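Novice: Any chance you can model this:
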Amino acid sequence: MSEPVFQDPSGLSYEQARDELVQVVTRLEQGGTTLEDSLQLWERGEALAARCEEWLLGARQRLEAARQGTSSQTTGEATD
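Specialist: The predicted structure is shown next:
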């Protein structure tokens, strides 16, 4: 049996990684795959989950930066 070819997760958007992760979890939950296929799916799921976490961390950092920028503007702090 040939190994499936997966796209590098680092090139996926959050939505793409999330959607593929849902598919991986569904396949694992359904069962009926060989141990080797299950292990490959598990590894792919781990990589996709890590990619989603990267996106969420980046979004959290951007939100925090925006809040800090808004906070300094509303408190009248000089920005120059």
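Novice: From here on, just use CA atoms for contacts and neighbour counts.
Specialist: OK.
Novice: quick one: the strands in this structure?
Specialist: For the chain, no strands are identified by DSSP state E.
Novice: Point out where it drops to low pLDDT.
Specialist: 1-5, 72-80 (pLDDT under 70).
Novice: which of the residues in whichever helix in the chain runs longest are buried?
Specialist: As assigned by DSSP state H, the longest helix anywhere in the chain is helix 35-74. For helix 35-74, a neighbour-count test (16 or more other CA atoms under 10 Å) marks 38, 41-42, 44-45, 47-49, 51-52, 55 as buried.
Novice: Ok, stretch 7-15 next?
Specialist: For stretch 7-15, by 16+ other CA under 10 Å, it's 9, 12, 14.
Novice: Out of these, which is nearest to L28?
Specialist: In terms of CA to CA, no member of the buried residues of stretch 7-15 lies closer to L28 than P9, at 18.9 Å.
Novice: For that closest one, give its distance to L39.
Specialist: P9 is 17 Å from L39, where distance means CA to CA, to the nearest Å.
Novice: swap in G69?
Specialist: Counting by CA to CA - G69 and L39 are separated by 45 Å.
Novice: Could I get the contacting residues of the residue minimising distance to the centre of the chain?
Specialist: In the chain, the C-alpha nearest the mean C-alpha coordinate belongs to C52, at 0.9 Å (CA atoms, centre = their mean). Applying CA atoms under 8 Å, 6 or more residues apart in numbering to C52 gives the contacts 14, 17-18.
Novice: Tell me the one among those nearest to L63.
Specialist: Lowest distance from L63 to these (CA to CA) belongs to Y14, with 16.2 Å.
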